[in-house]
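> Provide a 3D model corresponding to the input given below.
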Amino acid sequence: MKLLRPGRQSRTLLRAAAVVAAAAAAFTPAAAAHAAPAGAADLLAKVVVIGVPGLTWSDVQASPELTALVDQSHVGSISVKTAGPHTCPIDGWLTISAGTRAWGNVPDQACGDLPAVTDGKVAGWQTYVDRQAEHHTGAPIGRLGISRERVCGFGPGAAIAVAKPDGTVANWSPDFDATKLSACGDAIVDAGAMPLHEGRDEAREHVADLVSQARAADGWVLLVGIGQETADAHQQTLVAMQLPPDNGPRWLTSDSTRRPGMIQLTDITATVLRGEAKSVDPAGSEKAGPLDGAEIHFTGGLHTNAAAVIEDRLDANQRFEQPRPVLFAVALTIVGAEVLALVWFVLRRSPASRRTAVFTLLLQGGFYIAVFLAQATVWWRWPSPAFSLYAVTIGLSALSAVLAQVFLKRYAYLGLALAAYLLLLVDGVLGTPMQVGSMFADGPVIGGRFYGFGNSTFATLAVGALVTAAWAAQKLIDKSRVQAALAVLAIGGAAIVVDGKPGWGTDFGGIIALTPAVLLMAWLTWKGSISLRALIGVGVAGVLAVSAVAFLDYLRPPEQRSHFGTFVARLLDGDVSDVLIRKLQMAVQFFSGPAGWLMLVAVILLMLATVLPHRVPSESYREFYNSRPMVRPTLLAMSTCGLVGMLLNDAGVALPAIMAGFAVPLLVAHLMASRQPATVSPESHLVQES
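Numbering: from 1, shown residues only. Presented below is the predicted three-dimensional model:
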C-alpha cells in the first residue's frame, strides 16, 4: 500500500479526527418512524383515566371481570417510578399533576392517607410544593389543572391530579358519578388503592364496575396502576389498559419508552394534555416547558388470547425484577472464585494454579458478555427465574472464558474485549434489546432507561472499543503511525456513533466521556506526545461533537426527541438547574458508605499510575508500561474516559470502577498467561501485543 507524504498525512489524520468528533452528529437520524399516536383528539371525545394504586397483573388474572377486559383493550405495563425512593399513592397523583416525576411522601415513613379537600383546596398543598424544591425535582405540580380547564376529578387522588398550581380544585367530586362525565372534557378517577389482604376481591370488582360505567361516556378509558399500596410493597410494573382498542387489541407503548407493552406514569399526563401542556412555577405563573412523558399509542400485532397476554405480563415482571438481586449472587460467586484461585496461585505457584487463576480472571471478563447474551435465552420464562438467570449468566461467563482460552490462549483477553465491543455495536444498532432486562439495566421498576445504553453498558463498550483499537493500532504502528491513528479513529468512532446516536445507544454522558478519550488516543498514537494546546483542542472537539448531537436532536419534533434534545429544551427554557443538581446528588450518594470512598481511592491510584508510571513501586508495571508503543496511549485514554465520566456523569465514581472491573482482570490474566508477574498495578487496563 502506498503511504501518503508527510504533509498529506497530517491533513488526512486531522480530517479523520474531525469526522470522528462530529460522527455522532452526522449520524443523528431524521424523525424516527413510530406508530401514529392513538390520541383522543383523533379517535374519541375524551379520556377517562382510572387510577388504581397497586393494581397488578396478578389481580387481572384472579378477576374474571378484569380478565374479560384484556381482549377488549390495548394492554401493557406501566412503570410508576417517581422522584422519591417509593411511589406511594400521593407520589403517583402528584406526578400526574406535574407531568414529570414528583416527590410526595416523607422518606422512611409509611405512605399515609391522601390529603383532604377543604374549602375547594387540597389541604397542605404548599407542603408538596416545598417538597419539590427541597428535593430539586423540578416538578411543576398543578400543570394538568392549569392546562386543561375542563378536566374533572373524582375521588381524593384525582383532586391532587387536577388541582391548580395554588392547590385549588374545580370540577371535582369526592365520589365517582358517571352522570357528570358528559360535562367533562376529560376525567381523572381515583378508584382507591388495592387492599393488601382482606377486601381485594371486592376491590377488583369495584374497578371492573368503574371501567364499565366510564365506557358509557363515549371516550377512551385508561385503566392504570398509579403507585404502590405501601412504601415497602413488592414493586413490579403495574397494569395498563386502554379501552376501547383502535383497530383491534394491541400493545400499548409511547415514545418515552419505545418498548411494546410498556408505558410510564408521566405518559398519562402527556396523553390527557395532547400536546397542550403549560409549565408553571410555584408562584403560579405560566411558561412553556417540556413534558417528561409522551402520548400513549399502540403497536405490534393483534392479541386475542387473554390468558397468554396475562402470562406474558407476569413474565415481564419477572424479567424486570430479578436481574438486580441476582447480580449480587453472580458477582459474589465470581469474585469468590477469583480470590480462592489467586490465593492458591500465590501459595503454590504451580502450572495448575496459574491456569486456574487465569481462568477465573477471564471468567470475570466473560461476565461482561454473558450479561447481554443471557437475554437471548428468555430465562424469565424458565422455572425458578432467579436461579435460571444465575445459572445462565455463570454458564455463559464460563463458556466465554473457555472459548477465549482454547482458541486465543495468551490473547484470550483480546477475544473477550473484541466480543464485547462487537456485541454492543450490534445491540445498539438493533435498539438495545440485549440490555433491556439485563443486570446492567435499572429496568422500569427502578425507573432507569427504557432504551439506549446505561452507564454499565457504556463502561463495557468503552473498554472493548479502546482495547480493540489499541490492538489494531499496535499491528499498524511500525508500518505507519498515521494508519495506526486512523485505525483508532475508525474503531473508537464506531463506538461513539453507536453509543451516541439517538435511537441507538442514545447515551449523552457516554459520548461526553468517550469522544475526548478516542481523540486523545489517536493523537498520542500519531504524535507520541501531546502539547497543552493540542490537549485543549481535543477537549473542544469533544464538546462540539456532543453539542452538535444534542442540538440536532432538539430540532426534531418534541415527541421524537431523546433526552439529548430534551436537555437542550430545558436549557433554553432555563429549567435545567434541578436536573443538574439531581444528577450531582446521584453521583455523590455513592459516598454515603465506605464502599464509595474505597472505590474513589482505588480509581485515583489507578489513574495516577497511568500518568506517573515511574512513581509506581513495581518494576513489572514499569516494564509493562514501556513494553509496547500502544500501552501508554491506551492507558491514558482509559483514564481520560473514566475521569470525564466520573466528573460529568450521574454514575460518578461507579463508571471508572466498572471499567476497571472489566479491564483489570483481562490484563492480569494476560500477564499471568504470558508468565509475567501477576502483581502488576491493576490500572494497566490494557492490551497490547499483536
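
> Show me what the longest helix anywhere in the chain is packed up against.
If you go by DSSP state H, the chain has its longest helix at helix 323-348. Applying 3 or more CB pairs under 8 Å, 6 or more residues apart in numbering; DSSP states H and E, we find helix 323-348 packed against helix 351-373, helix 385-408, helix 443-446. To be clear about C-beta, it is placed using only N, CA and C from the backbone, and glycine gets the same treatment.

> orientation of that helix relative to helix 385-408 in degrees?
40 degrees (axes from the mean of the first three to the mean of the last three CA atoms, to 10 degrees).

> before we move on, the earlier item: figure out which of the helices and strands packed on helix 323-348 is closest to Ile511.
Among the helices and strands packed on helix 323-348, the nearest to Ile511 by CB to CB is helix 351-373 (20.1 Å).

> That closest one relative to helix 385-408, how many degrees between them?
Here helix 351-373 points in a direction 120 degrees away from that of helix 385-408 (the same axes, to 10 degrees).

> Which secondary structure elements does helix 351-373 sit against?
helix 323-348, helix 385-408, helix 412-429, helix 455-476, helix 654-673.

> So for it, what gets flagged as buried?
353-354, 356-373 (16 or more other CB atoms under 10 Å).

> before we move on, what about stretch 471-491?
Buried residues in stretch 471-491, counted by 16+ other CB under 10 Å: 471-474, 476-477, 480-491.

> Rounded mean pLDDT for it, please.
The pLDDT scores in stretch 471-491 average 95.

> For Leu252, what is the enclosing helix or strand?
Assigned by DSSP states H and E, Leu252 belongs to strand 251-254.

> Sketch out the low-pLDDT regions of the stretch 551-690 of the chain for me.
Along the stretch 551-690 of the chain, segments meeting pLDDT under 70 span 559-560, 562-564, 573-580, 582-583, 586-587, 618, 620, 675-690.

> which residues of it fall in helices?
Per DSSP state H, counting those that start in this stretch, the stretch 551-690 of the chain carries helices over the ranges 563-572, 577-588, 594-611, 619-625, 631-648, 654-673.

> In TSV, list the ones you listed along with distance to Pro444.
TSV is the format used below for the helices of the stretch 551-690 of the chain (distance: least, CB to CB, whole Å):
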stretch	distance to Pro444
helix 563-572	16
helix 577-588	18
helix 594-611	26
helix 619-625	44
helix 631-648	24
helix 654-673	21
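
> Give me the domain ranges for the chain.
For the chain, automatic domain parsing gives the domain ranges 6-30+322-673, 43-319.

> centroid residue for the protein?
What sits nearest the mean C-alpha location of the chain, by CA atoms, centre = their mean, is Arg449, with 2.5 Å.

> Just say helix, strand or coil for it.
coil (DSSP: H, G, I helix; E, B strand; the rest coil).

> Let's see the pLDDT reported for it.
75.

> repeat for Val49
Confidence at Val49, expressed as pLDDT, is 96.

> Help me confirm that it is found in a strand?
Yes - secondary structure of Val49 (three-state DSSP): part of a strand.

> burial of it, as a residue count?
Close neighbours of Val49, defined as other CB atoms under 10 Å, add up to 25.

> mind listing what it touches?
96, 186-189, 222, 224, 268, 272 (CB atoms under 8 Å, 6 or more residues apart in numbering).

> and which of these is nearest Ser147?
Using CB to CB, the contacts of Val49 come closest to Ser147 at Val272, 8.7 Å.

> Give the phi and psi angles for the closest one, as a check.
Backbone torsions for Val272, taken as degrees, to the nearest 10, come to phi -70, psi -40.

> is it true that it touches Arg150?
No - using CB atoms under 8 Å, Val272 is not in contact with Arg150, being 11.1 Å away.

> Flag whichever of the domains of the chain has the least confidence on average.
domain 6-30+322-673 (a mean of 84).

> what's the spacing between the residue nearest to Ile581 when sequence neighbours are not counted and Arg101?
Distances taken as CB to CB, 6 or more residues apart in numbering place His136 nearest to Ile581, at 4.3 Å, with adjacent residues excluded. Note on His136: its distance to Arg101, by CB to CB, to the nearest Å, is 11 Å.

> So for these two, which residue has more residues nearby?
The residue with more neighbours, out of His136 and Arg101, is Arg101; 25 against 18, by other CB under 10 Å.

> contacting residues around that one?
With CB under 8 Å, 6+ apart, Arg101 has these contacts: 81-83, 95, 137, 139, 265-266, 292, 447.

> can we see that at 10 Å?
Contacts for Arg101 (CB atoms under 10 Å, 6 or more residues apart in numbering) come out as 80-84, 87, 91, 94-95, 132, 137-139, 264-266, 292-293, 447, 582.

> Would you report which members of those are assigned to strands?
If you go by DSSP state E, the contacts of Arg101 have Gln264 in strands.

> For Ile201, which residues are in contact?
Rather than Ile, residue 201 is Asp. Applying CB under 10 Å, 6+ apart, the residues near Asp201 are 59, 62-63, 195.

> actually Leu340, not the one I typed
356-357, 360.

> so which of those comes closest to Arg556?
Arg556 lies nearest to Thr360 out of those, by CB to CB, at 47.2 Å.

> Could you check how far that closest one is from Leu342?
With distances taken as CB to CB, Thr360 is found 8 Å from Leu342.

> Then Ala386?
Counting by CB to CB - Ala386 and Leu342 are separated by 29 Å.

> quick one: the helix or strand hosting Ala534 to helix 631-648, angle?
Per DSSP H and E: Ala534 is located in helix 532-554. Computed by the same axes, to 10 degrees, the angle separating helix 532-554 from helix 631-648 equals 50 degrees.

> can you give me the strands for the stretch 201-350 of the chain?
All strands of the stretch 201-350 of the chain, identified by DSSP state E, counting those that start in this stretch, fall at 220-224, 238-243, 251-254, 262-264, 279-280, 286-287, 296-299.

> can I get the ones you listed in TSV with distance to Val70?
Shown next, in TSV, are those (distance: least, CB to CB, whole Å):
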stretch	distance to Val70
strand 220-224	11
strand 238-243	7
strand 251-254	12
strand 262-264	16
strand 279-280	36
strand 286-287	40
strand 296-299	14
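
> Among the ones you listed, which comes closest to Trp380?
Across those, closest to Trp380 is strand 262-264 (CB to CB), at 14.5 Å.

> what helices or strands is that closest one leaning on?
strand 74-79, strand 238-243, strand 251-254, helix 266-273, strand 296-299, helix 443-446 (3 or more CB pairs under 10 Å, 6 or more residues apart in numbering; DSSP states H and E).

> How about the last one, which residues are buried there?
The one in question is helix 443-446. So, applying 16+ other CB under 10 Å, buried residues of helix 443-446: 443-445.

> ok, of these, which one's closest to Val518?
Among the buried residues of helix 443-446, Gly443 lies closest to Val518 (CB to CB), at 29.9 Å.

> who's in contact with the nearest residue to the closest one once chain neighbours are set aside?
Of all residues not flanking Gly443 in the chain, Phe320 sits nearest, at 4.2 Å (CB to CB, 6+ apart). Contacts for Phe320 (CB under 10 Å, 6+ apart) come out as 77, 79, 235-237, 262, 380, 436-437, 441-446.

> about what we covered before: turn the helices and strands packed on helix 323-348 into JSON lines, columns for distance to Gly565.
Listed next are the helices and strands packed on helix 323-348 as JSON lines, based on distance: least, CB to CB, whole Å:
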{"stretch": "helix 351-373", "distance to Gly565": "27"}
{"stretch": "helix 385-408", "distance to Gly565": "35"}
{"stretch": "helix 443-446", "distance to Gly565": "22"}
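
> so what's Leu265 up against?
Taking CB under 10 Å, 6+ apart, we find Leu265 in contact with 51, 78-82, 87, 91-93, 95-96, 99-102, 224-227, 238, 240, 292-293, 447.

> Ala472 touches Ala522, doesn't it?
No - in this structure, Ala472 is not within contact of Ala522 by CB atoms under 10 Å, at 11.7 Å.
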